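Engineer: Sequence first, predicted model second:
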Protein chains: 2
Amino acid sequence: MSLQAPSLPDLRRDVHDAARRARVAARALALLPTVAKDAALQSAADAVVAHTERILAANAEDLEAARAAGTPAAMLDRLALNPTRVDGIAAGLRQVAGLPDPVGEVLRGYTLPNGLHLRQQRVPLGVVGMIYEGRPNVTVDAFGLALKSGNAVLLRGSSSAAKSNQALVDVLRASLISEDLPADAVQLLSAADRSTVTHLIQARGLVDVVIPRGGASLIDAVVRDAQVPTIETGVGNCHVYVHEAADLDVAERILLNSKTRRPSVCNAAETLLVDAAIAGVALPRLIDALEHAGVTVHGGLGADADEADLRREYLSMDIAVAVVDGVDAAIAHINEYGTGHTESIVTTNMAAAQRFTDGIDAAAVMVNASTAFTDGEQFGFGAEIGISTQKLHARGPMGLPEMTSTKWIAWGDGQTRPA
Amino acid sequence: MSLQAPSLPDLRRDVHDAARRARVAARALALLPTVAKDAALQSAADAVVAHTERILAANAEDLEAARAAGTPAAMLDRLALNPTRVDGIAAGLRQVAGLPDPVGEVLRGYTLPNGLHLRQQRVPLGVVGMIYEGRPNVTVDAFGLALKSGNAVLLRGSSSAAKSNQALVDVLRASLISEDLPADAVQLLSAADRSTVTHLIQARGLVDVVIPRGGASLIDAVVRDAQVPTIETGVGNCHVYVHEAADLDVAERILLNSKTRRPSVCNAAETLLVDAAIAGVALPRLIDALEHAGVTVHGGLGADADEADLRREYLSMDIAVAVVDGVDAAIAHINEYGTGHTESIVTTNMAAAQRFTDGIDAAAVMVNASTAFTDGEQFGFGAEIGISTQKLHARGPMGLPEMTSTKWIAWGDGQTRPA
């Protein structure tokens, strides 16, 4: 028997108890007027700034442990907070306070022939679970979006950020209490044991939705083992397809921006497809531009990248290259190898662009534009909780409306339904 | 080793192969113009009517086997087809042909400050799995709604209706071929083995959504073991709550309609809640009315129904009764015991009605109206694929728009995103 075994039933009970407390809090949050939620968000922003020192002290402990464990520099950077980043976290809360409240929006409504007044309106989801890695700012972002949309949130962050997350959640909970709101609107689950993830995603009837944010393996595991509804996010094997009628200046600009702007994010391009008809001219130029920008190119004019490279989400300064025979072949390749995130065609041919946007099965399809635009801020949502790559409920960047469900309400005066 | 064991890997392969063929068909369906889909639906309706004899012969075999197995009369009636019912099935297809096509509808759109033209439009889900019991009409209804919304459908019906379903699907597939459309838009999975359900709900990446329609145990099992997204449907422990300010004539009418109109459907009332303040007057009258209508009443003036009865979805001429102390107690009771389907308050007090519609967490909340109104036809959808009791993607009756996802499409002229 392992040392951890005896604690497992307790962890399950802990997660379920937290979910039950979250549900009680959620019932109260669902009825809060917008002004009360916005005041709470401003108060939370003030509290985060006021407790900068405490938050940074906790973060320093996480960083020290991570350094001692030999964590790579890039991951240390994602974990690290400083006064500017803490201010940025608080600013994010204020920004959410300024966004429209989705709750109560009437989506449809009509009066039935029998006089029944029917309307469909947005309501909070209820209890939202978030599973995420590294960055402590997600802790506060998720709280802010959940609160504004009337949801209670259960946070399961990375163990590497445990102390930072605990300090942030302590500050948020105290701030809620100061506003006479239920502290259980935000709760941090233990990251000490992997099993809390399992308990969270299997708490059917207690948790309304779980949103995993992280690498492909985390998301795969969550979606596979979940018994509560989940939303798959953010795995992007995105393609830039250079059609034979492309303007190569535009193609080069879009390709470089899609690949190198921020190679570690999910909307970065991972594969370049070039039409065979122009490969002789276009490929040497595009490969040269990529290499000059510091990108390692897999495959090229002589041979396509191999199967494994064509399927990879590098998240690094690497790109796979393949030659395709026209727009239909490009569509077929992308629908086979892509992850349904963002796909871009570069062309001056309207029919090809139309065929591509019709035929591609993805959350976002770009014509003569960088894949980097798939982002809640860019789409004008103000903030996003993640980018859904599934088809159910939400697809693409998820803002506040995507954090809601709906309810049908019918007002009558004694209507009954004929047999 | 059981006799069936050797066949299991083959059934898994069969289901996966069917899903792959469905995906190919779905890509074609997604691009079909509305006129082509409507013509196919009319042609399918003609074919169903033209093959009435063949369909009834297959149904007679199912009925004979069911009778020999001692199937109860109510279930035989659900299974049975006759010329009138076959005409009704065909009429359903024609009705769907007359509904608006949801595919291509633009839900949102704007031009970003950099000139990028962005729009979100409805697209088909892709491959939809349906798991259902008894009624062969669901086979054709699901096909019609899936085709109109551009989806391919994998049908897993009941083994008791296997021959009827096969005859119907054969007719539908031949009719698709006659319209030059892919026959694999509709496929019937083997009902001979329970494992085809498992393979269907675990075909991640091959199936976009599974909709189970049937009893609570089927739906529970599907949702618990699924690895593809599912939509929970149709389990309804619906309440009629008679508030102290109710008009008792209205209360009696709504209660009887909600309970007795069709006791076997999910929107039927299963529990009556009465305010303590009026229980002395209201309960004897309402119980008397129920009993006169042939309803068996569990609990009453002396004592509430027991816990098990309060949780039951009878789907029969039974009802549980409990006394509650005001609207907040009613809300708390319903949110604890209900299944989130349909809840109705009877009152003349506006504040109580508002509090009830705000506080109840369910797909539909009625004020002075029968629970029987929660239905796609009644809501004006023309047809429904089921009634969702979950919060993600769709909640309440699901019509054609609920059979779609969305896609963001951006048209640019070389836009890149600043660092």
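Structural biologist: Ah, there it is.
Engineer: Please name the nearest non-neighbouring residue to A:Ala269.
Structural biologist: Excluding its sequence neighbours, the residue lying closest to A:Ala269 (Cβ to Cβ, 6 or more residues apart in numbering or on different chains) is A:Ser258, at 3.7 Å. Placement of C-beta: from N, CA and C, glycine included.
Engineer: Okay, buried residues for the helix or strand of chain A with the lowest mean pLDDT please.
Structural biologist: Sorting the helices and strands of chain A by mean pLDDT, DSSP states H and E puts helix A:216-225 at the bottom, at a mean of 86. For helix A:216-225, a neighbour-count test (16 or more other Cβ atoms under 10 Å in any protein chain shown) marks A:Ala216, A:Leu218, A:Ile219, A:Ala221, A:Val222, A:Val223 as buried.
Engineer: which outside residues touch that helix?
Structural biologist: For helix A:216-225, the surrounding residues in contact (Cβ atoms under 8 Å, 6 or more residues apart in numbering or on different chains) are A:131, A:133, A:197-198, A:201-202, A:210, A:212, A:230, A:232-235, A:313, B:204, B:227.
Engineer: ok, now with 7 Å
Structural biologist: The contact list for helix A:216-225 (Cβ atoms under 7 Å, 6 or more residues apart in numbering or on different chains) reads A:Ile131, A:Glu133, A:Thr198, A:Ile201, A:Val210, A:Pro212, A:Thr230, A:Glu232, A:Thr233, A:Val235, A:Glu313, B:Gln227.
Engineer: out of the residues you listed, which are inside strands?
Structural biologist: Judged by DSSP state E, the contacts of helix A:216-225 include A:Ile131, A:Val210, A:Pro212 as members of strands.
Engineer: OK, contacts around the first one?
Structural biologist: Taking Cβ under 7 Å, 6+ apart as the definition of contact, the neighbours of A:Ile131 are A:Arg156, A:Val197, A:Leu200, A:Val210, A:Pro212, A:Leu218, A:Val222.
Engineer: Take the ones in strands among the contacts of helix A:216-225 and write them to CSV, including pLDDT.
Structural biologist: Conversion of these to CSV gives the following (pLDDT from 0 to 100):
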residue, pLDDT
A:Ile131, 96
A:Val210, 95
A:Pro212, 94
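Engineer: quick check, nearest of those residues to chain B?
Structural biologist: For those, the minimum distance to chain B (Cβ to the nearest Cβ) is 10.5 Å, reached by A:Val210.
Engineer: before we move on, back to that, among the contacts of helix A:216-225, which pair sits farthest apart?
Structural biologist: A:Thr198 and A:Glu313 (24.7 Å; Cβ to Cβ).
Engineer: Tell me where the stretch 51-200 of chain A has helices.
Structural biologist: A:52-68, A:73-79, A:83-97, A:137-148, A:162-178, A:195-201 (DSSP state H, counting those that start in this stretch).
Engineer: quick check: mean pLDDT across the fifth one?
Structural biologist: The average pLDDT for helix A:162-178 rounds to 98.
Engineer: buried sites along that helix?
Structural biologist: A:162-173, A:175-176.
Engineer: How far away from the center of its chain is it?
Structural biologist: 22 Å (Cα atoms, centre = their mean, to the nearest Å).
Engineer: which other helices and strands contact that helix?
Structural biologist: helix A:34-50, helix A:52-68, helix A:137-148, strand A:186-188 (3 or more Cβ pairs under 7 Å, 6 or more residues apart in numbering or on different chains; DSSP states H and E).
Engineer: Could you report the neighbour count for A:Asp77?
Structural biologist: 10 (other Cβ atoms under 10 Å in any protein chain shown).
Engineer: so who does A:Leu107 touch?
Structural biologist: Contacts of A:Leu107 (Cβ under 7 Å, 6+ apart): A:Gln120, A:Gln121, A:Arg122, A:Thr406.
Engineer: Buried ones in stretch A:67-85, by neighbour count?
Structural biologist: For stretch A:67-85, by 16+ other Cβ under 10 Å, it's A:Thr71, A:Arg78, A:Leu79, A:Ala80, A:Leu81, A:Arg85.
Engineer: So the fifth one versus A:Arg94, what's the distance?
Structural biologist: The one in question is A:Leu81. Here A:Leu81 is placed at a distance of 18 Å from A:Arg94 (Cβ to Cβ, to the nearest Å).
Engineer: Can you classify A:Tyr241 by secondary structure?
Structural biologist: A:Tyr241 falls in the strand class when you classify it by DSSP: H, G, I helix; E, B strand; the rest coil.
Engineer: Around it, how many other residues sit close by?
Structural biologist: 28.
Engineer: tell me the pLDDT at it?
Structural biologist: 98.
Engineer: Distance check, it against A:Asn335.
Structural biologist: Using Cβ to Cβ, A:Tyr241 is found at 12 Å from A:Asn335.
Engineer: go on, A:Val327?
Structural biologist: In terms of Cβ to Cβ, A:Val327 sits 12 Å off from A:Asn335.
Engineer: swap in A:Val140?
Structural biologist: The value you get for A:Val140 to A:Asn335, if Cβ to Cβ is used, is 37 Å.
Engineer: show me the contacts for A:Ala171.
Structural biologist: Small correction: residue A:171 is Val, not Ala. Residues near A:Val171 by Cβ under 7 Å, 6+ apart: A:Ala47, A:Val48, A:His51, A:Ile55.
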